[in-house]
Every structure is written in structure tokens, then in C-alpha cells.
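Undergrad: What would the 3D arrangement of this be:
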Amino acid sequence: MTMDLLRSIASTRLPKSITSPEDIDRVRILRAAGLVVAFVPAPSRPLTLSGIEKVAQVLTITQKGYDELRRSCSSHE
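TA: Numbers count the residues shown, from 1 in each chain. Got it, this is the predicted structure:
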């Protein structure tokens, strides 16, 4: 789940490298939602938006990302 990855990123030292293809896709979602600032590799086959991606690097969590984390934690209480 994408929020689980955001929680994991928040609990580690940044910048954080992400190598799992599934997690790279989740970083794309987080970045598109404005929750993180990250470098995400372009697909190696851009015409089909597929191919092996090497690594994404999350630089920081945005204020919106921290707000979302607080919201999700308070909804679990």
C-alpha cells in the first residue's frame, strides 16, 4: 500500500533509495499526489511505459505528505 511506503520513508533517513519495481511505482504515485519530492527513473521502454527501472530516490516528504501521515494515523486511533 502506498501510505505504508510513505510511513516507511518517514521513519528512515533521507534521501532514500527505492529499488523494488513495485515500490518505484508507489513513489510515482506519492510524487504525483505531491506527498514527496523524488527522482523517479523513466521507463527503459518509453513507448510502452515499461521496462526495468533501476532506482528511485526520495529526497524529502512535503508538508502535504506529513499532513497526510498525521491524518492517516489519527484515523487509525
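
Undergrad: Could you report the neighbour count for residue 61?
TA: Residues contacting residue 61 under the criterion other C-beta atoms under 10 Å number 20. (Glycine included, C-beta is placed from N, CA and C.)

Undergrad: Now it. Its backbone dihedrals?
TA: Note on residue 61: backbone dihedrals following degrees, to the nearest 10 are phi -100, psi 130.

Undergrad: so what's the residue lying closest to it once chain neighbours are set aside scoring on pLDDT?
TA: In space, residue 61 comes closest to residue 36 once its chain neighbours are excluded; the distance is 5.5 Å by C-beta to C-beta, 6 or more residues apart in numbering. The per-residue pLDDT reported for residue 36 equals 98.

Undergrad: Any stretches of the protein with poor pLDDT?
TA: Segments of the chain classed as low confidence (criterion: pLDDT under 70) are 43-53, 76-77.

Undergrad: quick revisit: would you agree the residue nearest to residue 61 is in contact with residue 65?
TA: Yes - Residue 36 lies in contact with residue 65 (C-beta atoms under 8 Å); the separation is 5.6 Å.

Undergrad: more crowded one of these two?
TA: Between residue 36 and residue 65, counted using other C-beta under 10 Å, residue 36 has the larger neighbour count: 26 against 21.

Undergrad: Could you tell me which residues touch both of residue 36 and residue 65?
TA: Counting by C-beta atoms under 8 Å, 6 or more residues apart in numbering, the common neighbours of residue 36 and residue 65 are 6, 30.

Undergrad: Now for the most centrally placed residue in the chain: which residues touch it?
TA: When the chain is reduced to its mean C-alpha position, the closest residue under C-alpha atoms, centre = their mean turns out to be residue 27, at 2.4 Å. Taking C-beta under 8 Å, 6+ apart, we find residue 27 in contact with 5, 18, 36, 38, 40, 56, 58.

Undergrad: Next, count neighbours for the fifth one.
TA: It refers to residue 40. Other residues near residue 40 come to 19 when the count uses other C-beta under 10 Å.

Undergrad: residue contacts, it?
TA: Applying C-beta under 8 Å, 6+ apart to residue 40 gives the contacts 24, 27-28, 31, 53, 56.

Undergrad: mind running it again at 7 Å?
TA: When contacts are counted by C-beta atoms under 7 Å, 6 or more residues apart in numbering, residue 40 is found next to 24, 27-28, 31, 56.
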